[in-house]
Every structure is written in structure tokens, then in C-alpha cells.
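Participant: compute the structure for the input listed below.
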Amino acid sequence: MFDRIMIAGVRRGSERALGKIMDKYAAYVCVVIGNVGGLAREDVEEVASDVFFALWEKADGVENLKPWLGAVARNKAKNRLRGVQMDLPLDEEIAASGCETEDKFILDCENETIREAVLAMGSPDSDIFLRHYYEGQTVAVIAAGTGLSESAVKHRLVRGRKKLREVLS
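Facilitator: Just a heads-up that it's a prediction; the model follows:
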């Protein structure tokens with residue numbers, strides 16, 4: 001209900017409504033962008049700003065806010081990453097940022113481990129897990145899309161979280 005009201009406000013040009021959406025979803029958008037990997041913190045913040053600016057410009061076409069924000073965030077992050085990869089740093093820059101490079105490598109390895117663990121869940125569990133936690137789809141939407149009951153989807157999410165916990169511990 002909140003999302004529909006705020007989207008309607010943004011459609012009318014309410015900066016306050018956009019601000020409330022940003023307050024609610026900024027962390028989510030940054031996590032989606034961060035999951036793409038390979039972007040500096042400054043780039044993540046800039047891409048997040050681009051996502052909310054896109055919402056401001058295209059609010060008329062938005063029906064389901066959270067999935068829309070997730071999809072736009074992922075696409076904009078991938079586009080930014082393509083641009084960043086084209087501007088390879090000089091060797092001196094790499095040497096000067098040794099700690100940051102090591103931290104990024106560790107984070108990339110952790111993200112890869114999580115990705116592999118989710119994919120190892122097998123179908124349809126991995127699909128359900130990705131749709132819920134990465135695309136922001138509700139249990140009802142996933143149930144309708146997979147033909148499973150809502151309780152079955154919830155059960156598979158619980159089982160998926162348990163498997164992921166086991167792999168990561």
C-alpha cells in the first residue's frame with residue numbers, strides 16, 4: 001500500500017514521496033548494486049542515485065516498486081561495471097591500493113561462494129531463492145509464477161536459508 005501511494009506521489013512530482021521511497025529502499029538498492037560486484041563504494045552510491053533518478057523520470061511505467069528498483073539497479077550496475085572495466089588502472093594505482101584490492105578479492109570470493117551455494121540448491125529452490133532475495137518478488141508472486149502454493153514457497157525459502165547457513169559456516 002505504501003509503495004502505491006508513494007509511486008502515485010512521484011507521478012505527481014512530489015519530491016517528498018521520492019524521498020520516502022529512497023529512505024525505504026536505499027539500502028536494498030545498494031545491496032543489489034553491490035551484488036553485481038566490482039564497483040567502488042563511490043560508484044555504488046552514484047549508481048543508486050541514478051536508479052532513483054530513473055524512478056523520478058519513469059514513475060508512470062512502474063507498477064511493482066521493489067522488483068522494478070532491483071532490476072534497474074542491477075542493469076545500471078552492470079552498465080557502470082562495463083565502463084569501469086574499460087578504464088583499467090595503472091600498475092602504480094594497483095600497488096597503492098593493495099589493501100582495497102585484497103578486501104575486494106575476499107568479498108568477490110564470498111559472493112562467488114554464495115552464488116555457487118544458491119545454484120547448488122537445484123531447481124526450483126535456487127530459482128525461488130533468487131526471485132525472492134535478489135529480484136525482490138513476494139511469496140505470492142513466486143507461487144503464482146511457479147505453480148506452487150505459498151506455503152510450499154515459504155518452506156523452500158526456509159530450507160534454502162538453512163542450506164546457505166550450513167555452506168557459509
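
Participant: correct me, but Arg74 touches Gly34?
Facilitator: No: Arg74 lies out of contact with Gly34 (CB atoms under 8 Å); the separation is 10.8 Å. The C-beta positions use only the backbone N, C-alpha and C, and glycine is treated the same way.

Participant: on the three-state scheme, the closest residue in space to Gly70 that isn't next to it in sequence is what?
Facilitator: If the residues on either side of it in the chain are set aside, Gly70 comes closest to Gly136, at 4.5 Å by CB to CB, 6 or more residues apart in numbering. Here Gly136 is recorded as coil under DSSP: H, G, I helix; E, B strand; the rest coil.

Participant: quick one, phi psi at Gly136?
Facilitator: Per-residue torsions, Gly136: phi 70, psi 20 (degrees, to the nearest 10).

Participant: state the distance from it to Arg16.
Facilitator: Note on Gly136: its distance to Arg16, by CB to CB, to the nearest Å, is 23 Å.

Participant: so the two - more neighbours on which side?
Facilitator: Gly136 (20 against 10; other CB atoms under 10 Å).

Participant: need the contact list for that one.
Facilitator: 28, 66-67, 69-70 (CB atoms under 8 Å, 6 or more residues apart in numbering).

Participant: same thing but at 7 Å, please
Facilitator: Neighbour list for Gly136: 66-67, 70 [criterion: CB atoms under 7 Å, 6 or more residues apart in numbering].

Participant: per-residue confidence for it?
Facilitator: On pLDDT, Gly136 comes in at 79.

Participant: same deal with Ala144?
Facilitator: For Ala144, the predicted pLDDT is 87.

Participant: now the element after the helix or strand hosting it, going C-ward?
Facilitator: In this assignment (DSSP states H and E), Ala144 forms part of helix 139-146. Counting by DSSP H and E, the element after helix 139-146 in chain order, helix or strand, is helix 150-168.

Participant: what's in contact with that next one?
Facilitator: Contacts with helix 150-168, where a contact means CB under 7 Å, 6+ apart, come from 117-118, 121, 125, 128-129, 132, 139-140, 142-143.

Participant: how much space between the residue positioned nearest the centre of the chain and Lys162?
Facilitator: Nearest to the mean C-alpha position of the chain, counting by CA atoms, centre = their mean, stands Val32 at 1.8 Å. Val32 sits 24 Å away from Lys162, going by CB to CB.
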